[in-house]
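Enquirer: Need a 3D model of the sequence below.
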Amino acid sequence: MTLDISSAPIASDTTDHAPPGPHSRARWAQDLSASLVVFLIAVPFSLGIALATGAPLTAGLAAAAVGGIVVGLFGGTPLQVSGPSAALTVITAGLITQYGWQATCAITLAAGLLQLLLGIRRVARTALAVSPAIVHGMLAGVGLTIAIAQLHVVLGGSPQSSALANLLALPKQLAGPHPSALAVGTLTAVVLLGWPRLGRLPGRAGEFGARLTKVPGPLAAVATATALSMTLGLHLTRVELPAWQPHDLVPDLPHGPLAAVLAAVLTVTAVASVESLLSAVAIDRMSHRTGDLDRELRGQGIANMISGLLGGLPIAGGAVRSTANVRAGAQSRWSSILHGAWVLAAALALTGGLRKIPLSALAALVLVVGLQMVSFAHIRKVHRHREFPVYLATVLGVVLLGVLLGVALGAATAALLALYRLTRAHVDVLAGPDGSVTVQTHGPLTFAAVPRLSRALAGIPATADVAVLHDGSFLDHAAYETLHSWRSGHQAAGGRVSMMTRRQDDEVLDPDGTIRTGSSPGPHRCRAWTPWVGHHCIEQQEDPHSRLLDGLRGFQLHTAPLIRPELARLAREGQTPSQLFLTCADSRMVTSMITNSGPGDLFTVRNVGNLVPAPFEPGAADDSVAAAVQYAVEALEVRSITICGHSGCGAMKALLDGIHERPGPPTALTRWLRNGRGSLDRLRRAPAEFTARPVVDLAEQLCITNVVQQLDQLLANPAVERRVAEGTLRLVGMYFDFATAQAYVLDRESGRFSPVEALDAAAAGFAPRDTPERVNEIEQVGAAGLEATTTTGAGDDPRLAA
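Expert: Numbering: from 1, shown residues only. Predicted coordinates for the structure are as follows:
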């Protein structure tokens, strides 16, 4: 379930969480257009899912119609589109084999009722408390199972009852394929995979391909395969759409052990709920909305109850349909509702055309979707977080044992991995050149680590000076007693022992009550979460030089061994930063912390006031910033430039106080601050604002206005102007509020600063004005300086008077 965050426009629909109300004509048009796009995707997809489960093909259309209409009306995520789910394919196929179709409908109804009750109890957030490795492993396992089964249909055969049986039967099927079915299936897969690439062709072919790709890929693939099979008169098994009979609408109670039936209901409920809620969260992020997950779960429950009553497949929110809905410009829940209405109309009126679709084409469609559920991006992410064993166990379990046992195996693996990490500890003994010994422990020291710890301590010479460094993780009573007993014996033999932690004070390590942090003894009890926290607790008379040296020693002891391989790589390969980050020299601004970056990530330029001198500013220009910008843009070829201001900026306060205009010989600082006169002028004309809150005071408004002005002046640099015009360089405005630790980013659409979590990558940035007008304005500001201006709002402040 891979969702790409696109640059969908920010929308705010007051009817999103209420019954649909009056709609503007433009919004109706967007919803109508989006509903048609999703409808064209949903029809072949629904038929393919029904084929893969072994259910009547009408069940797929029924589920798509019910999911679109019912969840659209009652769900809590307006732009999510629900219908038959690929993640439930294997489960549904197993239920049909074990209990029959009508009993499976009853299980779907019961699962919907349970979803409704869970939504009423408001436990939707709890359903998200599942390891991502298990979720992605389950989806990958289901995808592989679907692909293996549908490969038999593409080859002209029939799938077996399990993935293992399909694998064992595959060699025989490959030895004698049905040529026509294989040709149609291969054509479907080729068109489906190649369709999005048509728009990337060079020249006029690319322009024509871009127009073609407005037709959804699944529809184009199935339509092409169907047309070819009809033209050539191929003898193939085609879609069968049986008419609905009254007795088909009456679910039958499953026959079998009650525990097995309850397990089936719980499995359908869990998988459908987790997939729907994860998809809902992703779609809310794409559309910049805040959905109601409990309402969404209730809507999914009602839809599954109705689908079970009408003989439809189990329903869940779908990533493919929902993403297409957002990208097609949907504005409200009416897009989903209309899509369901179109599916219902197609099921009733277009049965003749649907019956001409070859089953091998639908099978190829579902096969490709199944393979796409194995996401290499997810695998890399899981591997990066050291959760690949959980992912692999879940995948293999789902393929070989089924979804329920596969997920249970993944959960058990996750629990064992967590237990292993909880009890794992490393003990390293390092001998110094002067005969001293350093014992470094990493990880929680529990009773399980006592044998390893005891062996390491026993090998230390009796009279050596020993420093025991613990990383601040958990220390249980058994390990504590081991350390204490060894220290007492070592000191009795004439040795010296110091015990320290890297993250907290030594209250847990030192039974004699001596409190130590790093290498500095003292009475303070600052529990630091990073080495520099707690400096404010140290007595003011401490020598700053000593503190600096302590910090360097701490780096060499703790950080250098960890970062040395990365720095060695950078030393060999050179720097290749992707961003230029221009910010203030303020000591509180820690760029690596607020951007979560490391060595080699940012090319950083800092100065007083995060100013970019304009080339036309008389008597105040400075080439150092322009040189750094030119080097970053032309030599390093950075892809973005960020100008970051901050709250409480002393340079902005000095500008408001007019320090740069005081009489007398100018100092270096006053000459530099004259580069900010354009920001003062912009503050009078067009002060910047926040989207979510008012500015605190005039100084803060100048801080954010200065960011916008400096971005404007940055465009006067020819290298920057050229790269921006080529579309290979993005300019980003940023503001950091120290008091709330909140970062704000300039929204390119509204021109205001929004909290960074409210914007996606496409919305953040600086939209430059036409170059001639911009250069002319900078020339005028530079030539005229600040003239007396009568303004309102920010200009009423006496500090803005000329």
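
Enquirer: Helices of the stretch 551-700 of the chain, residue ranges please.
Expert: Using DSSP state H, counting those that start in this stretch, the helices of the stretch 551-700 of the chain run over 560-573, 591-594, 623-630, 650-656, 668-673, 677-685, 698-714.

Enquirer: Could you look over those and pick the most buried one?
Expert: Among the helices of the stretch 551-700 of the chain, helix 698-714 has the highest mean neighbour count (mean count of other CB atoms under 10 Å), at a mean of 25. No exception for glycine: its C-beta is placed from N, CA and C like everyone else's.

Enquirer: Pull stretch 68-79 out as PDB, backbone CA atoms only.
Expert: C-alpha atoms of stretch 68-79 as PDB (Å, rounded to 0.1, in the frame of the first residue of the first chain):
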ATOM      1  CA  GLY A  68     -18.400   4.200  -2.800                       C
ATOM      2  CA  ILE A  69     -21.900   5.200  -1.800                       C
ATOM      3  CA  VAL A  70     -22.200   4.100   1.800                       C
ATOM      4  CA  VAL A  71     -18.700   4.900   3.000                       C
ATOM      5  CA  GLY A  72     -18.900   8.100   1.100                       C
ATOM      6  CA  LEU A  73     -22.000   9.100   3.000                       C
ATOM      7  CA  PHE A  74     -21.000   7.900   6.500                       C
ATOM      8  CA  GLY A  75     -17.200   7.700   6.500                       C
ATOM      9  CA  GLY A  76     -14.900  10.100   8.300                       C
ATOM     10  CA  THR A  77     -12.300  10.600   5.500                       C
ATOM     11  CA  PRO A  78     -14.200  12.400   2.800                       C
ATOM     12  CA  LEU A  79     -11.700  11.700  -0.100                       C
END
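
Enquirer: Show me where the stretch 251-400 of the chain has its strands.
Expert: In the stretch 251-400 of the chain, the strands defined using DSSP state E, counting those that start in this stretch lie at 315-317.

Enquirer: actually the stretch 651-800 of the chain, not the one I typed
Expert: Using DSSP E, counting those that start in this stretch, strands in the stretch 651-800 of the chain cover 730-737, 742-746, 753-755.

Enquirer: can I get the ones you listed in CSV with mean pLDDT and mean neighbour count?
Expert: Shown next, in CSV, are the strands of the stretch 651-800 of the chain (pLDDT from 0 to 100; neighbours: other CB atoms under 10 Å):
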stretch, mean pLDDT, mean neighbour count
strand 730-737, 94, 23
strand 742-746, 93, 22
strand 753-755, 91, 21
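
Enquirer: For Ile120, find the nearest of the ones you listed.
Expert: Taking CB to CB, strand 753-755 is the member of the strands of the stretch 651-800 of the chain nearest to Ile120, at 32.4 Å.

Enquirer: Could you list the low-confidence segments of the stretch 551-700 of the chain?
Expert: Within the stretch 551-700 of the chain, the stretches with pLDDT under 70 are 616-621.

Enquirer: Kindly report the same for the chain.
Expert: Scanning the chain for pLDDT under 70 picks out 1-24, 127-128, 241-250, 472, 502-547, 616-621, 760-802.

Enquirer: Hmm, Pro694 and Phe753 touching each other?
Expert: No - the criterion here is CB atoms under 8 Å, and Phe753 misses it with Pro694 at 11.8 Å.

Enquirer: quick one: contacts for Ile357?
Expert: Residues in contact with Ile357 (CB atoms under 8 Å, 6 or more residues apart in numbering) are Pro44, Leu47, Val222, Ala225, Thr226, Arg238, Val239.

Enquirer: repeat that for 7 Å
Expert: Ile357 is in contact with Leu47, Val222, Thr226, Arg238, Val239, counting by CB atoms under 7 Å, 6 or more residues apart in numbering.

Enquirer: can you tell me which of the residues you listed are in helices?
Expert: Among the contacts of Ile357, DSSP state H puts Leu47, Val222, Thr226 in helices.

Enquirer: wait, which of those is closest to Leu401?
Expert: Distance to Leu401 across the ones in helices among the contacts of Ile357 (CB to CB) is lowest for Leu47, with 28.6 Å.

Enquirer: Double-check that closest one against Val239; I have them as touching.
Expert: Yes - when contacts are counted by CB atoms under 7 Å, Leu47 is listed as touching Val239 (6.4 Å).

Enquirer: who has more neighbours, these two?
Expert: Leu47 (27 against 19; other CB atoms under 10 Å).

Enquirer: quick one: the more buried one from Leu371, how far?
Expert: For Leu47, the distance to Leu371 equals 19 Å [CB to CB, to the nearest Å].

Enquirer: now Thr642
Expert: As defined by CB to CB, Thr642 lies at a distance of 39 Å from Leu371.

Enquirer: Return every residue with contacts to both of Leu47 and Val239.
Expert: Listed as contacting both Leu47 and Val239 by CB under 7 Å, 6+ apart are Leu57, Ile357.

Enquirer: what's near enough to touch Pro84?
Expert: Ser46, Ile49, Ala50, Gly60, Ala63, Ala64, Leu313, Ile315.

Enquirer: 6 Å instead, please
Expert: Ser46, Ile49, Gly60, Ala63, Leu313 (CB atoms under 6 Å, 6 or more residues apart in numbering).

Enquirer: which residues does it bridge with?
Expert: Beta-bridge pairing of Pro84 under DSSP bridges involves Ile315.

Enquirer: is the closest residue to Ala464 other than its chain neighbours in a bridge, and if so with what?
Expert: The shortest distance from Ala464 to any non-neighbouring residue, by CB to CB, 6 or more residues apart in numbering, is to Val437 (4.8 Å). Beta bridges link Val437 to Ala431, Val466, judged by DSSP bridges.

Enquirer: what about Val437, neighbour count?
Expert: Neighbour count for Val437, taken as other CB under 10 Å: 19.

Enquirer: And for Ser488?
Expert: 12.

Enquirer: And the one helix or strand it maps to, what's buried?
Expert: Under the criterion of DSSP states H and E, Ser488 resides in helix 477-492. In terms of neighbour count (16 or more other CB atoms under 10 Å), helix 477-492 has its buried residues at Ala479, Thr482, Leu483, Trp486, Arg487, His490.
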